[in-house]
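Asker: How does the following fold in three dimensions:
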Amino acid sequence: MARPRNNPGDLAELPTELRTDRPKGDQIREILENLTRSLAVGTVLPSERVLAERFGVARMTVRQEVDRVVAEGLANRRPGGGTFVAEPRPSRMLASSFTQDMINRGILPGAKVLEHRVGAADEDLARELEEPIGTPVLHLTRLRTADGDPMAIERTALSLQRYPGLDEIDFAEKSLYTELSTRYGVTLGMVSASIVAAPPEPGDAELLEIDNSTPCLIITVAPRTATDQVIEFGRSVYRSDRYDITVAYRAT
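Answerer: Numbering: from 1, shown residues only. I've put the predicted structure just below:
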């Protein structure tokens, strides 16, 4: 991750005053967005006080617009370190492999296995997997990283009756969907998902190295094979400040 650095020339990039025919907040947000696109990753942005004094607006107005560009992933905050230009965040197609998606973008994917255990499917999980109650299931939880930075916590459950031997694979080193494809001939078909924006649980926030108030994308997914079998039932937490989810659909 890039380290914040100061650039004394930043103020030269700013207009000297705001227009009178447009909302001041909108103009400040556009100025901040333009700065994040023109400055190098890690460059510290002008402070709220500097912007407020330069444009003659309340600091609260500036803070609201800084909050927006942070929420959009264009900038990051560090306690005592100001606000700085963020690294471009990866974007992932919902129906794609995290590992392959990162590789396609020239980013090094990583995984730390937090849970790898076999259990019996209870009534709810059996219903989601469309398997009998008591079916042996692999519960897999991984912290996913991109170039070493935490991006997501992926939790999933897969039927070992459908995929025998899956529990013997080390998923710290291997891609789940690559193994499903090569070992079991799985071809991805329809993906049904629910995406909700919500703050993370305290334990998840610590793993993702974010504040408890940082919005996350909570994704519940049950993808199917091309032959309409449920592949997995997963519920994952993605950092919305560093990650985009792209959903492709065909209009009818």
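
Asker: can you pull the pLDDT of the closest residue to residue 196 other than its chain neighbours?
Answerer: Nearest residue to residue 196 in three dimensions, chain neighbours excluded: residue 218, at 4.7 Å (CB to CB, 6 or more residues apart in numbering). Every residue, glycine included, has its C-beta placed from N, CA and C. On pLDDT, residue 218 comes in at 87.

Asker: Kindly report the same for residue 25.
Answerer: pLDDT, read off for residue 25, is 88.

Asker: you'd agree it is up against residue 66?
Answerer: No. In this structure, residue 25 is not within contact of residue 66 by CB atoms under 8 Å, at 10.8 Å.

Asker: shouldn't the residue nearest to residue 196 be in contact with residue 193?
Answerer: No. Between residue 218 and residue 193 there is no contact under CB under 8 Å: 10.6 Å.

Asker: Which one of those two is surrounded by more residues?
Answerer: A count of neighbours by other CB atoms under 10 Å puts residue 218 above the other of residue 218 and residue 193, at 19 against 15.

Asker: Please name every helix or strand in contact with the host helix or strand of that one.
Answerer: When elements are assigned from DSSP states H and E, residue 218 belongs to strand 216-221. Taking 3 or more CB pairs under 8 Å, 6 or more residues apart in numbering; DSSP states H and E as contact, the helices and strands that strand 216-221 lies on are strand 193-198, strand 233-239.

Asker: Confirm that residue 62 sits in a helix.
Answerer: Yes. The assignment for residue 62 by DSSP: H, G, I helix; E, B strand; the rest coil puts it in a helix.

Asker: The spatially closest residue to residue 72 that is not a sequence neighbour: what secondary structure?
Answerer: Distance criterion CB to CB, 6+ apart; nearest residue to residue 72, sequence neighbours excluded, is residue 33 at 7.9 Å. Assigned by three-state DSSP, the conformation of residue 33 is helix.

Asker: From residue 70, how far off is residue 33?
Answerer: Applying CB to CB, to the nearest Å, the value for residue 33 to residue 70 is 12 Å.

Asker: domains for the protein, by residue range?
Answerer: Domain assignment of the chain by the TED database yields the ranges 14-85, 98-239.

Asker: can you give me the end-to-end distance of the shortest one?
Answerer: Pointing back at domain 14-85 there. End-to-end distance for domain 14-85: 15 Å, by CA to CA, to the nearest Å.

Asker: Start the count at 24 instead of 1 going forward.
Answerer: Noted, 24 is the first residue going forward, which turns the last one into domain 37-108.

Asker: Count the neighbours of residue 60 for me.
Answerer: Using other CB under 10 Å, residue 60 has 9 other residues around it.

Asker: doesn't it fall inside a strand?
Answerer: No. Residue 60 is assigned helix when assessed by three-state DSSP, not a strand.

Asker: Surely residue 243 touches residue 217?
Answerer: Yes. The pair residue 243 / residue 217 is scored as a contact, 4.5 Å apart, by CB under 8 Å.

Asker: So for these two, which residue has more residues nearby?
Answerer: Shown here are residue 243 and residue 217; by other CB under 10 Å, residue 243 has more neighbours (15 against 10).
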